[in-house]
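Trainee: this one's structure only:
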């Protein structure tokens, strides 16, 4: 079970969940492609140095891929009927849980690639100055819309 589902209060339901976008795997894929091209180029030219650098790039791509997998698996962002919950981290965990009445704003930061591919960073601001950035979120505008609608409904009730 996920962190969000394990920590629901009585009568609380998950309204919307966000996930990390697949674009976080692009750096590791790019490093792997460059590494394999350098290994192949080093073999063709007989230059062992280029092949060694290619091997290092492939090793770095594997490390980058594992790091991206851990980030994708261990990041949770959800809107429930009572709170907004953000959890980041696998071994060292950072969580933010804001009641709807304590959420001040949702800021979204999208780069050019983020706009093209549909990902961005969500900055959840709570009353009292607490700000939590969560980067690489898939469809951040949809998350903000769902969160704001849920918060509006809970405040009207």
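Mentor: Cool, the structure landed. Fair warning: this is a prediction, and the values are worked out from it, not measured in the lab. Residues are numbered from 1 along each chain as shown.
Trainee: Can you point out the buried residues in the helix ranked longest in the chain?
Mentor: Taking DSSP state H as the criterion, the chain has its longest helix at helix 48-74. Judged by neighbour count (16 or more other CB atoms under 10 Å), helix 48-74 contains these buried residues: 50-51, 53-54, 57-58, 60-61, 64-65, 68, 71, 74. (Glycine included, C-beta is placed from N, CA and C.)
Trainee: try stretch 71-86
Mentor: Of the residues in stretch 71-86, those buried (16+ other CB under 10 Å) are 71, 74-86.
Trainee: Out of those residues, list just those in helices.
Mentor: Reading helices off the buried residues of stretch 71-86 with DSSP H, I get 71, 74.
Trainee: Distance check, the nearest residue to residue 144 once chain neighbours are set aside against residue 134.
Mentor: Spatial nearest neighbour of residue 144, chain neighbours left out: residue 106 (4.5 Å); criterion: CB to CB, 6 or more residues apart in numbering. As judged by CB to CB, to the nearest Å, residue 106 and residue 134 stand 10 Å apart.
Trainee: what are the ranges of the helices in this structure?
Mentor: Going by DSSP H, the chain shows helices at 3-6, 26-45, 48-74, 112-117, 140-156.
Trainee: May I see the ones you listed arranged in TSV, with mean pLDDT as well?
Mentor: What follows is the helices of the chain, written out as TSV (pLDDT from 0 to 100):
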stretch	mean pLDDT
helix 3-6	90
helix 26-45	92
helix 48-74	93
helix 112-117	94
helix 140-156	89
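Trainee: picking up where we left off before, can I get the buried residues of stretch 71-86 in CSV including distance to residue 114?
Mentor: Shown next, in CSV, are these (distance: CB to CB, whole Å):
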residue, distance to residue 114
71, 16
74, 21
75, 16
76, 20
77, 16
78, 21
79, 21
80, 26
81, 29
82, 30
83, 26
84, 21
85, 23
86, 18
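Trainee: Kindly state the beta-bridge partners for the nearest residue to residue 72 once chain neighbours are set aside.
Mentor: Of all residues not flanking residue 72 in the chain, residue 20 sits nearest, at 4.4 Å (CB to CB, 6+ apart). Taking DSSP bridges as the rule, residue 20 bridges to residue 137.
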